[in-house]
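Undergrad: Next come a sequence and a model predicted from it.
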Amino acid sequence: MYIDVLLELKNKQTDQAYTYHVPENLQKSIQIGKRVKVTFNHRDLEGFVLRITDTCDKELKILDIKSVVDEEIVLNEELLRVGNYIKETCLCSLSSAYAVMLPKALKASEKTNIGKKFQSTLVLNMEYDKAISLCSSEKQKEVIDFIQSKERISKKEGNALSSSSINTLLKKKIILEEQEEVYRLREKTIFEDKKKVLNEEQKNAYDEIVKSLDCFSKFLLYGVTGSGKTEIYMQVIEQVLKKKKTAIVLVPEISLTPQLVMHFKARFPDAVAVLHSHLSDGERYDEWRKIARGEVSIVVGARSAVFAPLQNLGIIIVDEEHSESFKQENNPRYNAIDVAEYRAELNGIPIVLGSATPTLERMAKSTKNLYRRLELKKRVNGQMLPICTCVDMAIEAKKGNFILSERLKIDIDAAISRNEQVILLLNRRGYSTTITCSNCGFTYKCPNCDITLTYHKTKNNLRCHYCGYTTFKKENCPECRAELNFYGLGTEKLEAFVKEEFPGVNVLRMDADTTAKKDSYEEILDKFRSGKYDILLGTQMISKGLDFPKVSVVGIINADATLNIPDFRSGERTFSLLCQAAGRAGRSNLIGNVILQTFQPDNYILKCVAEQNYEKFYQYEMNIRKKLKYSPFYYLVSLKVVSKDYEECSKEAGKVANYLKKNISSTSIVLGPTTANVFKVNNIYRFNIIVKYRFDHQLIPSLKELDKLFVMNSKVNLEIDMNPTKI
Ligand code: ADP
Ligand code: ZN
């Protein structure tokens, strides 16, 4: 028996499958998709078995494999195909595709000591009656009875019993000590979750999906915030489980709160596994095995949960479809929604994408019936969408209101006096974003990146939000000792300001700094939910999916922040972020009130947000995209040429652009090279090239050719991103 083994060789990004011979004694345990240990260049390496053959036509000397690593198959047939799909669509190596699909413990060639966890247990070593007859004391009989009632007990449980009796029984081999595999993730207490009666809109959407459960079909569930999409997902999944099939639910990492997970676990006891980035490697490995062994039938998770090895998949649901977190930003740059569609097609099942603000790409497809659009226009219980008002901050600034407008202050005051809650969104963490000298113009900048440092007052230091560089702030200008000026507003400063403005009011801050510790995110939300706090302020973390019934006022402190980022999607990103944030207000019987503070009150996107009018936004933005030849009218590829050496980087970027112009279709457009928005990060220079295309048969072969050239180049790297979310 011979096998082809895929080895991941560092510093060679190309795929290498090598043929090995399988000695007689290992043949029984060999299966495609398991890992084996082999010798390669005098080193021991692990690789995946991709092919099994009886003969080998190679002339070279074929080595024996050393051992078979896995008892169970790691990559089943479907996952093997998904890996190939990622390789083809993301232009990456097969081994990097498999590496991204698997938990750390199961990656080939990864040196880990993440293993299964075992606990000692006690079991009977014979029939119950015989065991009892061999007992020489009442205490021993108690032990036998206890074990019999539970089939097996952990050694810990045995501590409650007489230890001398247990020892005697063990010695006489009446009971045995066995190692039992256990899972690490502790189940928290389950709270109640009542199934709801669907309203008419929900019922229509539900019926449409359930009708299509046995065929590949794509749905766009376009429902305003608070329209009860989650309830539809859960009831559809109930039908899927009735068919003895399984389900994947993908949500953005940030919405994957223990609260959401608890809802699913309460509705489907013992059927849910969870995959997210806060799990330890061991916990992740355990959850993965539960899934692979068919012990659960629903997987709820963030991006990488799309690779969950569920058998007999019956539906894939993606909530908050517009979230950019479904796209992986480093190699392999896969989009979990594309992978989900591929798996849905392979399995002949529906995929449901839900959002209040769908991406233009998918909304456009739904107008061409490439997605079936299901609409939920009303909030459940017929609550109104919040009322939004734009406030011109240029006028406010003249009155001396730089941070909070008159209007927002009044509304906050009123809400608090009614014992309601307030959310304030500011998309910048830290205290001030720029510190400059009032005399010589000195500015604190990152030595490694092309960006100013942000001042964090709590730690009195300056930090780079790109590379993490940190330095302490001097009292005065380090160059000329004059006074320092602070510009730009961050969440820390907002917190200080709000506390000063509303003395006695309880304020919580949530941003990357206050949520760095495990569980701190949920702790903050619990505190806010308890009602002891009046104001929750923070970055976009607070805008997604949170459901607090007592929130009546949402203030967007700087609605312009995301608008001014030079990226063709910044309008769409702003619209979706602000609508989501606005959607946090008025989710129960209170009427929501949203204040948008802006220096551009006439901006069309902000007007659409104020009206909560997606259709208007969609028409406007589609027009711009068409004129400027952007997605969804054109497909995009982003190429980044990166290097520590500026000259080389610039030269190679020019070559890449020229190569593309010469080799791809003349109907495609090559833009650049230009320097990236943040030109230098961590001392690495970056040049961008953008390709826009509609149909281009020469494009993929040309990109692959370029990729090959750069694998050989040790000084300059090329990163290719197909259908990027950010350019
Ligand atoms: P969305 O995801 O569309 O923003 P949610 O699923 O969070 O909306 O639903 C908003 C709230 O309405 C939740 O608290 C949910 O439990 C509740 N809800 C959903 N459907 C119904 C229903 N048919 N009847 C009563 N309450 C519902
Ligand atoms: Zn930096």
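TA: Thanks, I have it. Note that the structure is predicted; figures quoted are calculated from it, not measured. Ligands and ions are numbered 1, 2, ... in the order given.
Undergrad: who's in contact with the nearest residue to residue 206 once chain neighbours are set aside?
TA: Sequence neighbours aside, residue 232 is the residue nearest to residue 206 in space, at 5.3 Å (criterion: CB to CB, 6 or more residues apart in numbering). C-betas here are computed from N, CA, C, even on glycine. By CB atoms under 8 Å, 6 or more residues apart in numbering, the contact set of residue 232 is 198, 202, 205-206, 209, 221.
Undergrad: mind running it again at 10 Å?
TA: Contacts for residue 232 (CB atoms under 10 Å, 6 or more residues apart in numbering) come out as 196, 198, 201-206, 209, 221, 223, 317, 352, 354, 374, 376.
Undergrad: What about residue 149, how many residues nearby?
TA: Number of residues near residue 149 (other CB atoms under 10 Å) recorded here: 8.
Undergrad: actually residue 472, not the one I wrote
TA: 8.
Undergrad: okay, the helix or strand containing residue 259 in PDB with CA atoms only?
TA: Assigned by DSSP states H and E, residue 259 falls within helix 258-267. Taking C-alpha atoms only, helix 258-267 is exported to PDB below (Å, rounded to 0.1, in the frame of the first residue of the first chain):
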ATOM      1  CA  PRO A 258     -23.100  33.900  26.100                       C
ATOM      2  CA  GLN A 259     -26.600  35.300  26.000                       C
ATOM      3  CA  LEU A 260     -27.200  34.300  22.400                       C
ATOM      4  CA  VAL A 261     -25.500  30.900  23.100                       C
ATOM      5  CA  MET A 262     -27.700  30.400  26.100                       C
ATOM      6  CA  HIS A 263     -30.800  31.000  24.000                       C
ATOM      7  CA  PHE A 264     -29.800  28.300  21.600                       C
ATOM      8  CA  LYS A 265     -28.700  25.900  24.400                       C
ATOM      9  CA  ALA A 266     -32.000  26.500  26.300                       C
ATOM     10  CA  ARG A 267     -34.100  25.900  23.200                       C
END
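Undergrad: Now do the domain split for the protein, please.
TA: Annotated domains of the chain cover 2-106, 117-182, 200-376, 387-429+490-625, 635-722 [automatic domain parsing].
Undergrad: of all these, which lies closest to ligand 2?
TA: domain 635-722 (6.2 Å; CB to the ion).
Undergrad: What residue in the stretch 401-550 of the chain comes nearest to ligand 1?
TA: Using CB to the nearest ligand atom, the single residue of the stretch 401-550 of the chain nearest to ligand 1 is residue 547, 5.3 Å away.
Undergrad: Give me the nearest residue to residue 323, chain neighbours excluded.
TA: Nearest to residue 323 is residue 252, by CB to CB, 6+ apart, at 4.0 Å.
Undergrad: Please report how far that neighbour lies from ligand 1.
TA: Using CB to the nearest ligand atom, to the nearest Å, one gets 12 Å for the distance from residue 252 to ligand 1.
Undergrad: on that earlier part again, kindly reformat the domains of the chain as JSON lines containing distance to residue 449.
TA: Formatted as JSON lines, the domains of the chain follow (distance: least, CB to CB, whole Å):
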{"stretch": "domain 2-106", "distance to residue 449": "26"}
{"stretch": "domain 117-182", "distance to residue 449": "42"}
{"stretch": "domain 200-376", "distance to residue 449": "17"}
{"stretch": "domain 387-429+490-625", "distance to residue 449": "16"}
{"stretch": "domain 635-722", "distance to residue 449": "5"}
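Undergrad: picking that back up, skipping its backbone neighbours, what lies nearest the residue of the stretch 401-550 of the chain closest to ligand 1 in space?
TA: Closest to residue 547 by CB to CB, 6+ apart is residue 587, at 5.7 Å.
Undergrad: picking that back up, okay, the domains of the chain in JSON lines with distance to residue 469 and mean pLDDT next?
TA: Below are the domains of the chain laid out as JSON lines (distance: least, CB to CB, whole Å; pLDDT from 0 to 100):
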{"stretch": "domain 2-106", "distance to residue 469": "27", "mean pLDDT": "87"}
{"stretch": "domain 117-182", "distance to residue 469": "39", "mean pLDDT": "85"}
{"stretch": "domain 200-376", "distance to residue 469": "20", "mean pLDDT": "93"}
{"stretch": "domain 387-429+490-625", "distance to residue 469": "16", "mean pLDDT": "90"}
{"stretch": "domain 635-722", "distance to residue 469": "9", "mean pLDDT": "91"}
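Undergrad: possible to save those as TSV with distance to ligand 2?
TA: Converted to TSV, the domains of the chain look like this (distance: least, CB to the ion, whole Å):
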stretch	distance to ligand 2
domain 2-106	26
domain 117-182	40
domain 200-376	17
domain 387-429+490-625	15
domain 635-722	6
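Undergrad: rewinding a little: which of the contacts of residue 232 fall in strands?
TA: Counting by DSSP state E, the part of the contacts of residue 232 found in strands is 221, 223, 317, 352, 354, 374, 376.
Undergrad: Contact partners for the closest residue to the last one other than its chain neighbours?
TA: Excluding its sequence neighbours, the residue lying closest to residue 376 (CB to CB, 6+ apart) is residue 223, at 3.0 Å. Contact partners of residue 223, counting by CB under 10 Å, 6+ apart, are 201-202, 205, 229, 232, 354-356, 358, 374-380.
Undergrad: mind redoing it with 8 Å?
TA: Contacts of residue 223 by CB under 8 Å, 6+ apart are 201, 205, 229, 354-356, 374-377.
Undergrad: got the buried residues for the lengthiest helix in the chain?
TA: Secondary structure of the chain per DSSP state H: the longest helix is helix 646-663. Buried residues in helix 646-663, counted by 16 or more other CB atoms under 10 Å: 649-650, 652-653, 656-657, 659-660.
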